[in-house]
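Trainee: Fold the following, please.
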Amino acid sequence: MAEPVVEQAAHTIRAHHEFRGVRTAEHFFTVPLDHWPSTRPEDAGNGTRETITVFAREFVSAEHTAEDASRLPWLLYLQGGPGGRGTRTTSLSGWMKAAARSFRILMLDQRGTGLSTPADRTSLPIQGDAEAQARYLTHFRADSIVADAELIRNALGSEPWTVLGQSFGGFCALSYLSFAPEGLSEVLITGGLAPLDGPAERVYRATFQRVAERNAEYFAWYPEDRELVTRISRHLEATQERLPSGERLTTERFQMVGSFLGGNTRVDALHTLLEDAFVPSRDGERLSDAFLEQVHGLVSRASNPLYAVLHEAIYGQQQATDWAAWRVLAEFPEFQPRAEEPLLTGEMVYPWYFEQDPALVSLREVAELLAAKQDWKPLYDVARLNANTVPVAAAVYRNDIYVDFQLSMETAAAVRGLQAWTTADFHHDGIGEDGEGIFNRLLGMVRGT
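Mentor: Okay, here's the model as predicted:
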């Protein structure tokens, strides 16, 4: 990949706050939309590069004086997603409590999320028609997030910093190692070793199998829920049930509650969700308001539309993804809504999302254009990763239903010097279960302690 055109990011701090043992500062940076502007004459404009705002919140433990805190090294946290804003927290706990002992934490709202320049059904039409919106969104992948991070690091006057990447944040960390390793002192990755090449289909073939195994494990724990999931599915085929936002809840959308299966800390909550499902009515049993309200929060992408729009694009490299999960689904009939005993799904994104979710309907053509895009830039430099000199440690979860273990280990072997800690004690949400322990272990690994 060509080197980005480097500019200085304009930087302002708009507010400082202190509460419950933590001090925060709210940083806003102005960065180019396109870090790699075209030099073709037909693409030349008026010479002015479009810019966007990227927001990041700094967290410092109040145990440090302001003077001491100013001398602490920075740790950049890269959130999962894509399309997830930086974690909002009102106290230091978990991995942040551990990190704040020796770092200033920078919690990034990756471009398009949170307080950064938004990219959703309301703001995207400013760009123009569907083609213009799709073209705009090509600048919202890991390569651009990394280029933002390097401008931000320089604007803060930071030496090479520590990066912690969770899930998709780990994908971004691999891009960082590929294209700007000079900005990194050490890298920690949790549940986020992306496949470095190959089509998106192989990701979904692996994860569909893993999700099926997790379904079987869950129904062994809660055998009564096997009948209940089928009963809800058949009910939704026969009866119109509407979510609080007004649209009909379909079986395939209900299956999305399988997102609970991705963690140790959340999986048992699936049982308490399902037990609220039915209430009696004069017309027979119906789904309860309590159940529908909870399901709506799980299946709506109103708060993170980029997750759906760009989900498969995080695997796109020099070929179209072409709704890979939807195509691979045909190989796994047990996940079909009308299967005899339909299974719950994971994080896969399908074309019908853009028909059934009000937050996504107006983005359907945009999503189709992105799915058909064939000339995605590479997201990783395998040769550079093979020669990596930055200390890297990664937690790789053996039963992760979102980031496949075997594919992760292929990547681990391709990054020179990467230390992989493999464990079956955690699932994809391990950092939420024992963030302090996981952070300390990975930091000790990269530092040889």
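Trainee: Now do the buried residues in stretch 345-364.
Mentor: 345-350, 353-354, 356-357, 359-360, 362-364 (16 or more other Cβ atoms under 10 Å). In short, each C-beta sits where N, CA and C put it, glycine included.
Trainee: all strands for the stretch 251-400 of the chain, in order.
Mentor: Listed in chain order, the strands of the stretch 251-400 of the chain (DSSP state E, counting those that start in this stretch) span 278-279, 286-287, 392-397.
Trainee: Check the stretch 51-200 of the chain too.
Mentor: So, for the stretch 51-200 of the chain - with DSSP E, counting those that start in this stretch - the strands run 51-61, 74-78, 104-109, 161-166, 184-190.
Trainee: In CSV, list the ones you listed along with mean neighbour count, mean pLDDT and distance to L298.
Mentor: Listed next are the strands of the stretch 51-200 of the chain as CSV, based on neighbours: other Cβ atoms under 10 Å; pLDDT from 0 to 100; distance: least, Cβ to Cβ, whole Å:
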stretch, mean neighbour count, mean pLDDT, distance to L298
strand 51-61, 21, 98, 26
strand 74-78, 25, 98, 24
strand 104-109, 24, 98, 22
strand 161-166, 26, 98, 20
strand 184-190, 26, 98, 23
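Trainee: Mind putting these into TSV with distance to G262?
Mentor: Output for those, formatted as TSV (distance: least, Cβ to Cβ, whole Å):
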stretch	distance to G262
strand 51-61	26
strand 74-78	19
strand 104-109	22
strand 161-166	13
strand 184-190	13
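Trainee: To T30, which of those strands lies closest?
Mentor: Nearest to T30, of all these, is strand 51-61, at 5.1 Å by Cβ to Cβ.
Trainee: pLDDT check: weakest of the buried residues of stretch 345-364?
Mentor: Across the buried residues of stretch 345-364, the bottom pLDDT score, 79, is held by G346.
Trainee: how about that one, what does it touch?
Mentor: Applying Cβ atoms under 8 Å, 6 or more residues apart in numbering, we find G346 in contact with T207, F208, R210, V211, G258, S259, L261, G262, I401, Y402.
Trainee: which residue lies farthest from the center of the protein?
Mentor: Here the chain reaches farthest from its C-alpha mean at R282, the gap being 43.4 Å by Cα atoms, centre = their mean.
Trainee: and the longest helix for the protein?
Mentor: Longest helix of the chain, by residue count under DSSP state H: helix 200-221.
Trainee: picking that back up, among the buried residues of stretch 345-364, which pair sits farthest apart?
Mentor: G346 and S362 (25.7 Å).
Trainee: now the strands of the stretch 251-400 of the chain as a markdown table including distance to R111, mean pLDDT and mean neighbour count?
Mentor: Below are those laid out as a markdown table (distance: least, Cβ to Cβ, whole Å; pLDDT from 0 to 100; neighbours: other Cβ atoms under 10 Å):
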| stretch | distance to R111 | mean pLDDT | mean neighbour count |
| --- | --- | --- | --- |
| strand 278-279 | 43 | 97 | 14 |
| strand 286-287 | 38 | 98 | 20 |
| strand 392-397 | 24 | 98 | 25 |
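Trainee: do you know which of the ones you listed lies nearest W95?
Mentor: Across the strands of the stretch 251-400 of the chain, closest to W95 is strand 392-397 (Cβ to Cβ), at 11.0 Å.
Trainee: Now do that closest one against strand 161-166, angle only.
Mentor: 10 degrees (axes from the mean of the first three to the mean of the last three Cα atoms, to 10 degrees).
Trainee: Strand 392-397 pairs with which strands, and in what direction?
Mentor: strand 184-190 (parallel), strand 419-423 (parallel) (DSSP bridges).
Trainee: Could you work out which of those reaches nearest to S167?
Mentor: Closest among the strands paired with strand 392-397, once you apply Cβ to Cβ, is strand 184-190, at 7.5 Å.
Trainee: contact partners of that closest one?
Mentor: Counting by Cβ under 8 Å, 6+ apart, 73, 159-167, 169-170, 173-174, 176-177, 390-395, 430-431, 438-439, 442-443, 446-447 sit against strand 184-190.
Trainee: how does it look with 6 Å?
Mentor: Identification of contacts with strand 184-190 by Cβ atoms under 6 Å, 6 or more residues apart in numbering yields 160, 162-166, 170, 173, 390-395, 431, 442, 446.
Trainee: Check stretch 139-153 too.
Mentor: Under Cβ under 6 Å, 6+ apart, the answer for stretch 139-153 is 4, 9, 29, 31, 33-35, 54, 110-112, 161, 171-172, 175-176, 179-180, 183, 379.
Trainee: And for stretch 76-90?
Mentor: Counting by Cβ under 6 Å, 6+ apart, 106-109, 113-114, 161, 163-169, 172, 304, 306-307, 310, 314 sit against stretch 76-90.
Trainee: what's the answer for stretch 388-405, then?
Mentor: 177, 181, 184, 186-191, 193, 206-207, 210-211, 214, 262, 346-347, 408, 415-422, 424, 426-428, 438, 442, 445-446.
Trainee: Next: stretch 293-306.
Mentor: Contacts for stretch 293-306 (Cβ under 6 Å, 6+ apart): 82-84, 112, 119-120, 243-244, 253, 256-257, 273, 308, 357, 359-360.
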